[in-house]
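J.: dropping the sequence and predicted coords here.
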Amino acid sequence: MKDILSILSPEERAAFSLCALYEDAGYKKYRMSKFEEYALYVQNKDFLVSENVITFTDTDGKLLALKPDVTLSIIKNSRPQDGVMKVYYKENVYRVSKGTKSFKELMQAGLECLGDVTTDTVIEVLSLAARSLDAISEENVLEISHLDIVSGVLSALSVSEEGKREILMHLGEKNESGVRAVAQREGLSEQNASLICRLVTVYGAPKEVLPALSAFAITEELSAAIAVLEEIVRGLSEEGLSDRLIIDFSVVNDMNYYNGIAFKGFVRGIPVGVLSGGEYDGLLKKMQKNEKGIGFAVYLDELSRLEEVKGAEK
Amino acid sequence: MKPMLNIALPKGRLGEKVYAMFEKAGFGCPSILEESRKLIFENAEAGVRYFWVKPSDVAIYVERGAADIGVAGKDILLEYTPDVYELLDLKLGKCSMCVAAKKGFSDDRNRTLTVATKFTNIAKAHYAAEGRDIDIIHLNGSIEIAPILGLSDVIVDIVETGTTLKENDLEVVERFVPISARLIANKSGFKFKTERIEQLRKSLAKLVEEI
């Protein structure tokens, strides 16, 4: 008989090995209904990767949507509890593809931690993110940023809201000249403009980047955020996961929803990030939940281009 | 052997200038200068592979990972907002994104302004920021003709010297974004070829300063 794994596509194999990985780590599978009330997405439109949502009217007249996102549903249905709720999922979501401008069904796997999230929880989630990348391909990079360092530097130098928005955009592009132009327009001194530009130029392996971060420690909050980043890197090093780790402040997420650690995963041969995640206390606050949250998603549809998925070898 | 660095360059005069800079930066590929209709050129020793593509397509090749890096105009980056890194302003091909109209044109805010342009998204964003109600007519070329024939009130286009405008009795109403050629990189490609791309960026940055 044919090996049963050989009939699976690379994304299906990856999906199974990821689910096994999360299950082993003690996460519970989260099942959700295909549909969600449209109102959930309207209220949190900016959190969604694409604004468009497939909607239809249910038999009772309620406007429903095919879910474009999993995190919002998990948060909505979470109940306050002691400790941390740890769940994982493998679900289809419906989003507009940039190329065809039409809806596509995409498979996502990922996990969420809600509740009393501590630095140890963050380290655990990052280590699972690193292991997820390992399950997809040996040649991978996990880049992490601490959004509080970025926003802390901009706030400490009294950059306007409009200026912040533009600097974050240019930071995401690694566009040093763009960042400098905004900083100068904001009337910052040469020294302060250069400090902001260092958010673009300081990146790389933790052992090179961490010593350079002291330049950003201009307030107590910033020193605290840097200490957290150091603690996280130490935790990941202890698990032997620091060799493919990169600290890079160009990982930017919408600051209205995200804070703290943000991260993205890449594997060689796939032109876009295959994993994306971070802490989202802002989103929880908006949804009137008095807890903290962190999670990530793996974009399995991207993996169809990857010929060899390590999970199948097992 | 070094891993291949795939570079997409815009066909035409700008691309040739850019290639000259890349060559000076130590990323030469002699076969590219030979007269031929080939579009792909490789220098295995130096680990570079160049391809000539339509200028407006460079960003697509880079975003989709067919090229690790490339050179594209800021106009294209603003219009298509590809998800790429913008590593350096090469300060070549300088011009501005402008609003132009027939000489003596004055905007009547009482009615919808019709705008002819190749750069639909840029025009939309520009007028949205001003709160101006507009109608867009998307054209692919010879934009200057639109106000003359009464097809549109104004045009939004890139203007270098303004000669074409002058010869068609048009004038610049407003210059709103400076444009120049940018070195761009695929986000994933950059992670796995960081050292070489950074080496190229640094050499190019030195050359830009010398200009």
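T.: Arrived safely.
J.: CA only for contacts and neighbour counts going forward, please
T.: Noted.
J.: state the distance from A:R234 to chain B.
T.: For A:R234, the distance to chain B (CA to the nearest CA, to the nearest Å) stands at 22 Å.
J.: tell me how far that residue lies from A:S194.
T.: A:R234 sits 28 Å away from A:S194, going by CA to CA, to the nearest Å.
J.: for chain B, longest strand please?
T.: Longest strand in chain B, counting residues (DSSP state E): strand B:170-179.
J.: chain center to that one, what's the gap?
T.: Relative to the chain's own centre, strand B:170-179 is displaced by 16 Å; criterion: CA atoms, centre = their mean, to the nearest Å.
J.: contacts for that strand, please.
T.: B:73-75, B:93-103, B:144, B:158, B:162, B:165 (CA atoms under 8 Å, 6 or more residues apart in numbering or on different chains).
J.: helix or strand right after that strand?
T.: Going down the chain from strand B:170-179, the next helix or strand is strand B:181-186, by DSSP states H and E.
J.: partner strands of that next one, parallel or antiparallel?
T.: Strand pairing for strand B:181-186, using DSSP bridges, gives strand B:69-73 (antiparallel), strand B:84-89 (antiparallel).
J.: buried ones in the first one, by neighbour count?
T.: Of the residues in strand B:69-73, those buried by neighbour count under the rule 16 or more other CA atoms under 10 Å in any protein chain shown are B:I69, B:G70, B:V71, B:A72, B:G73.
J.: tell me the mean pLDDT for it?
T.: Averaging pLDDT along strand B:69-73 yields 96.
J.: can I get the next helix or strand after that strand as CSV, trimmed to CA atoms?
T.: Next helix or strand after strand B:69-73 toward the C-terminus (DSSP H and E): helix B:74-80. Taking C-alpha atoms only, helix B:74-80 is exported to CSV below (Å, rounded to 0.1, in the frame of the first residue of the first chain):
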residue,chain,number,x,y,z
LYS,B,74,9.2,55.8,-6.1
ASP,B,75,6.1,56.4,-8.3
ILE,B,76,5.7,52.7,-8.8
LEU,B,77,6.2,52.0,-5.1
LEU,B,78,3.6,54.5,-4.1
GLU,B,79,1.1,53.4,-6.7
TYR,B,80,1.3,49.6,-6.2
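J.: tell me which residue is most central in the chain.
T.: No chain was given, so I picked chain A. What sits nearest the mean C-alpha location of chain A, by CA atoms, centre = their mean, is A:G277, with 1.4 Å.
J.: actually it's chain B I care about, not the one you picked
T.: B:G73 (1.6 Å).
J.: measure that one to chain A for me?
T.: 14 Å.
J.: looking at it, that residue is touching B:I158, isn't it?
T.: No: counting by CA atoms under 8 Å, B:G73 does not reach B:I158; the two are 10.6 Å apart.
J.: low pLDDT regions in chain B?
T.: B:1-2 (pLDDT under 70).
J.: what does chain B put close to chain A?
T.: For chain B, the residues in contact with chain A (CA under 8 Å from any CA of the partner chain) are B:63-65, B:84-89, B:186-189, B:191-192.
J.: report the two of those separated the most.
T.: B:D89 and B:F192 (22.4 Å; CA to CA).
J.: compare those two (neighbour count), which wins?
T.: B:D89 (22 against 19; other CA atoms under 10 Å in any protein chain shown).
J.: so how far is B:I40 from the residue of chain B positioned farthest from its centre?
T.: Most distant residue from the mean C-alpha position of chain B: B:N110, 34.5 Å away (CA atoms, centre = their mean). For B:N110, the distance to B:I40 (CA to CA) stands at 53 Å.
J.: contact residues of the stretch 51-200 of chain A facing chain B?
T.: Within the stretch 51-200 of chain A, the positions near chain B by CA under 8 Å from any CA are A:V141, A:G172, A:E173, A:K174, A:N175, A:E176, A:S177.
J.: which of those sit farthest apart?
T.: Farthest pair in those, by CA to CA: A:V141 and A:S177, 26.0 Å.
J.: looking at those two, which is more packed in?
T.: Shown here are A:V141 and A:S177; by other CA under 10 Å, A:V141 has more neighbours (23 against 16).
J.: that one: what's it in contact with?
T.: By CA under 8 Å, 6+ apart, the neighbours of A:V141 are A:L133, A:R244, A:L245, A:I246, A:G265, A:F266, A:V267, B:K191.
J.: can you list the residues that contact stretch B:93-113?
T.: Outside of stretch B:93-113, the residues within contact range by CA under 8 Å, 6+ apart are B:14, B:73, B:75, B:132-135, B:147-148, B:152-161, B:165, B:169-181.
J.: are any of those residues buried, and which?
T.: Neighbour counting over these (16+ other CA under 10 Å) leaves B:14, B:73, B:75, B:147-148, B:152-159, B:165, B:170-173, B:175, B:177, B:179-181 as the buried ones.
J.: the residue nearest to the centre of chain A - that's part of a strand, no?
T.: Yes: under DSSP: H, G, I helix; E, B strand; the rest coil, A:G277 sits within a strand.
J.: what sits against it?
T.: Per CA under 8 Å, 6+ apart, neighbours of A:G277: A:A262, A:F263, A:K264, A:I294, A:G295, A:F296, A:A297.
J.: which residue, neighbours along the chain excluded, lies closest to it?
T.: A:F296 (3.8 Å; CA to CA, 6 or more residues apart in numbering or on different chains).
J.: now do the one you found against A:L8, distance only.
T.: 24 Å.
J.: who has more neighbours, the two?
T.: Comparing A:F296 with A:L8 by other CA under 10 Å, the one with more neighbours is A:F296, at 25 against 12.
J.: does the more buried one belong to a helix or a strand, and which?
T.: Assessed by DSSP H and E, A:F296 sits inside strand A:292-299.
J.: other SSEs contacting that strand?
T.: Contacts defined by 3 or more CA pairs under 8 Å, 6 or more residues apart in numbering or on different chains; DSSP states H and E place strand A:292-299 against strand A:103-115, helix A:119-136, strand A:275-279, helix A:281-286.
J.: so what touches that strand?
T.: The contact list for strand A:292-299 (CA under 8 Å, 6+ apart) reads A:106-117, A:122, A:125, A:129, A:274-281, A:284.
J.: export stretch B:181-195 to PDB, keeping only CA atoms.
T.: Provided in PDB are the C-alpha atoms of stretch B:181-195 (Å, rounded to 0.1, in the frame of the first residue of the first chain):
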ATOM      1  CA  ALA B 181      14.900  55.400  -8.200                       C
ATOM      2  CA  ARG B 182      15.000  53.200  -5.100                       C
ATOM      3  CA  LEU B 183      16.900  50.000  -4.300                       C
ATOM      4  CA  ILE B 184      14.200  47.500  -3.200                       C
ATOM      5  CA  ALA B 185      14.500  44.000  -1.800                       C
ATOM      6  CA  ASN B 186      12.200  41.000  -1.300                       C
ATOM      7  CA  LYS B 187      11.600  40.600   2.500                       C
ATOM      8  CA  SER B 188      12.300  36.900   2.600                       C
ATOM      9  CA  GLY B 189      15.200  37.000   0.200                       C
ATOM     10  CA  PHE B 190      16.800  39.700   2.300                       C
ATOM     11  CA  LYS B 191      16.800  37.400   5.400                       C
ATOM     12  CA  PHE B 192      18.800  34.700   3.700                       C
ATOM     13  CA  LYS B 193      21.100  36.900   1.700                       C
ATOM     14  CA  THR B 194      21.500  39.700   4.200                       C
ATOM     15  CA  GLU B 195      25.300  40.000   4.000                       C
END
